[in-house]
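1. With the sequence up front, the predicted model follows.
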Amino acid sequence: MATGQSPDQTALHASDRLLDRTHISAMAAQAIVLASVILSLFVDDIYHHQLAGVAALGLAGVFMMQLGLRKIAMGIRTRQLQQFCQTRDSREQIQELFAMTDMLQAAETYDDASAVLMATARRLLPGYGAALYIFNNSRDRLDLARSWDMPEAFNAQDMLSPANCWALKRGKPHINAPGDNTLCCAHHGSHVGSVEIPMMACGQLHGLLIITHGETENAFGNLMEIRRLGRALADSMSLALSNIALREKLRTQSLRDPLTGLYNRRYMEDALERFVSLGRAQWRQHRAGDDRPRQLQEAERRTWPRQG
């Protein structure tokens, strides 16, 4: 079964064939020179000038072919070095994505997951800014979860409507490049180019990842180059968002009554145990003369949902 080759591989194979042909031609020219020298030993002196001319032409041909061989060999070496660098970069990117996936498995909240995404995106896409949007509970809008390294000319809105985004409508990455006269989303009000990647898992959309770059020249080409890597980041993040949403749903179902929506006995037991532990810690800190119980209490309260 035939497999497609990249343009770099096709050019490398063509250079290899040209190198082989040039090398064979150089060997043929050397054979002509050698034959001329040997014949000069056996023929009369009147033919020496003709044989010398043939030998000189053969040597000139060998010299030119050697220059051609060197040029072709340098081109092959440059392409091999580029392929080596691309392979090395791809391997490093895969390692970073695996590390990101491993860290996202330990993320318990959207803030944890967005922090992991920001750290990985800064290593894999230096010089690019990004914004992460997540659907709200009613799924009628997307709220800005986190943004970083955004260009000054690009304003990351606090919320987006799914009806104004071509990426969410089509379920595919979409590039907004006003400088290249591309079709832009209704919410894109900047001359800075951006690529918008929907995050989908288990057949459901969970958010939107927007990646931007401050340069307006050849913005479409630059965004096309990083679109594949951005999609890999979005795919890993979408699974984490799906898991977090599922955990939040199960946690809410375990703590609330499904009919009235009020907190049940399980919430009371968990809250009672936590506040008893908090009271003991506060009493120990009070005996030790430390003034940190109030800060500890506020931190504990922020980790639990409020009644009502």
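-> Now that the structure is in, tell me what you want to look at. Numbers count the residues shown, from 1 in each chain.

2. residues contacting the residue positioned nearest the centre of the chain?
-> Note on the chain: the residue nearest the mean C-alpha position is Leu229, at 2.5 Å, using Cα atoms, centre = their mean. Applying Cβ atoms under 8 Å, 6 or more residues apart in numbering to Leu229 gives the contacts Gln93, Leu124, Leu125. The way it works is simple: take the backbone N, C-alpha and C, and place the C-beta from them, glycine included.

3. Give the buried residues for the helix or strand hosting Lys249.
-> Element membership of Lys249, judged by DSSP states H and E, is helix 219-255. Of the residues in helix 219-255, 219-220, 222-223, 226-227, 229-245, 255 count as buried by neighbour count, 16 or more other Cβ atoms under 10 Å.

4. what's downstream of it, the next helix or strand?
-> helix 265-288.

5. helices or strands up against that following helix?
-> Contact here means 3 or more Cβ pairs under 8 Å, 6 or more residues apart in numbering; DSSP states H and E; on that basis helix 265-288 packs against helix 219-255, helix 293-302.

6. So which bits of it are buried?
-> Buried-residue list, helix 265-288, by 16+ other Cβ under 10 Å: Tyr267, Leu278, Gln282.

7. Let's test this: mean pLDDT of that helix, rounded?
-> Mean per-residue pLDDT for helix 265-288: 81.

8. That one to helix 219-255, inter-axis angle?
-> Inter-element angle recorded for helix 265-288 and helix 219-255: 100 degrees (by axes from the mean of the first three to the mean of the last three Cα atoms, to 10 degrees).

9. how about the strands in the chain?
-> Counting by DSSP state E, the chain has strands at residues 129-135, 142-148, 159-160, 174-176, 194-201, 204-212.

10. For the fourth one, which residues meet the burial criterion?
-> Translated: strand 174-176. Buried residues in strand 174-176, defined by neighbour count with 16+ other Cβ under 10 Å: His174, Ile175, Asn176.

11. and the residues you listed as a markdown table, adding distance to Thr22 and pLDDT?
-> Converted to a markdown table, the buried residues of strand 174-176 look like this (distance: Cβ to Cβ, whole Å; pLDDT from 0 to 100):
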| residue | distance to Thr22 | pLDDT |
| --- | --- | --- |
| His174 | 48 | 90 |
| Ile175 | 43 | 90 |
| Asn176 | 48 | 88 |
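
12. Just put the strands of the chain in a markdown table and tack on distance to Thr260.
-> Formatted as a markdown table, the strands of the chain follow (distance: least, Cβ to Cβ, whole Å):
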| stretch | distance to Thr260 |
| --- | --- |
| strand 129-135 | 26 |
| strand 142-148 | 27 |
| strand 159-160 | 30 |
| strand 174-176 | 43 |
| strand 194-201 | 31 |
| strand 204-212 | 28 |
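
13. Lovely, talk soon.
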